[in-house]
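[1] Let's see this in three dimensions:
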Amino acid sequence: MKNTHRFLLTLVSATLVSGSACAADSANKASYDAAKDAAEANYKAAKAQCKSLAGNEEDVCLAQAKAARVHDVSSAEAQYKNTPQARASARKDIADADYDVNKAKCNSLAGNDKDVCIKQAKATKTSQIADAKSTEKASEARADANDAKRDADYAVEKEKCDSFSGQAKDDCIANAKARYGK
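    Numbering: from 1, shown residues only. Take a look at the predicted model:
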C-alpha cells in the first residue's frame, strides 16, 4: 500500500510539473494533445500498479488513478480552451473524480462511520461544485463589465472624433476602433 501511495504521489508530482510546462507553451493544440496522451499513459501505469492490490485497497487505488487522469485531462482542456466555462467544467469534473476516490475510501468503513464518511464526501463535492459555479459566474460578470466599459470608452473616443473632419476624422475613428477592438 505504501508503495502504491508513493507511486501515485510521484505520478501526481510529475503531472504537476508537466502541467506547468503546458501553461508555458500557451496551451496550444499540440500541448493539449500531449497532455491527454501523457494522462492516459500515466493512468495505464497506475492501473497496472493497482493490480497487485486486493479488495478495497485496489478499489481506492483505481479510483485515485482515474482521478489523476481526470485532473490532468480536465486541467489541460481548461488551459487549451481558456474560458471561464472550461475552467468551471474542469473544476466540476475534478470534484466528481475526487468524490469517487473519497467514496471508495469510505467503503472500507462500516455502520455510522461509513455513513458519516459518505456524507462528508458529498458535502466536499457539493462545496467544490458551488465554488466552481460561483467562480464561473464571477468571471462572466467581470467579462460583461469589461465589455460595457470598453463600449462606453469607445463611444467617448468616437464622440471626440466628431470635432474633426475629412481624413483626420477617419483616422481618429480608425484609431478608436483599433484601440477598443471594434
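
[2] going forward, measure contacts between C-alpha atoms and count neighbours the same way
    Noted.

[3] what about residue 182, neighbour count?
    As a burial measure, residue 182 scores 11 neighbours (other C-alpha atoms under 10 Å).

[4] what sits against it?
    Neighbour list for residue 182: empty [criterion: C-alpha atoms under 8 Å, 6 or more residues apart in numbering].

[5] Equivalent analysis for residue 136, please.
    84, 85, 87, 88.

[6] helix or strand for it, which one?
    helix 111-161 (DSSP states H and E).

[7] moving C-terminal of that helix, what's the next helix or strand?
    As assigned by DSSP H and E, the chain's next helix or strand after helix 111-161 is helix 166-180.

[8] Off-centre distance for that following helix?
    40 Å (C-alpha atoms, centre = their mean, to the nearest Å).

[9] tilt between it and helix 111-161?
    Going by axes from the mean of the first three to the mean of the last three C-alpha atoms, to 10 degrees, helix 166-180 is angled at 170 degrees with respect to helix 111-161.

[10] Would you work out how far apart the start and end of stretch 74-89 are?
    Start and end residues of stretch 74-89 are separated by 8 Å (C-alpha to C-alpha, to the nearest Å).

[11] I'd like the average pLDDT over that stretch.
    Across stretch 74-89, pLDDT averages out at 90.

[12] Buried ones in it, by neighbour count?
    For stretch 74-89, the neighbour count (16 or more other C-alpha atoms under 10 Å) marks 74-81, 84-89 as buried.

[13] And for stretch 37-50?
    Of all the residues in stretch 37-50, those buried under the rule 16+ other C-alpha under 10 Å are 38, 39, 40, 42, 43, 46, 47, 49, 50.

[14] if we can go back for a sec, columns secondary structure and distance to residue 33 on top of the contacts of residue 136, output as a markdown table?
    Below are those laid out as a markdown table (DSSP: H, G, I helix; E, B strand; the rest coil; distance: C-alpha to C-alpha, whole Å):
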| residue | secondary structure | distance to residue 33 |
| --- | --- | --- |
| 84 | helix | 21 |
| 85 | helix | 20 |
| 87 | helix | 17 |
| 88 | helix | 20 |
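
[15] wait, which of those is closest to residue 179?
    Distance to residue 179 across the contacts of residue 136 (C-alpha to C-alpha) is lowest for residue 84, with 24.3 Å.
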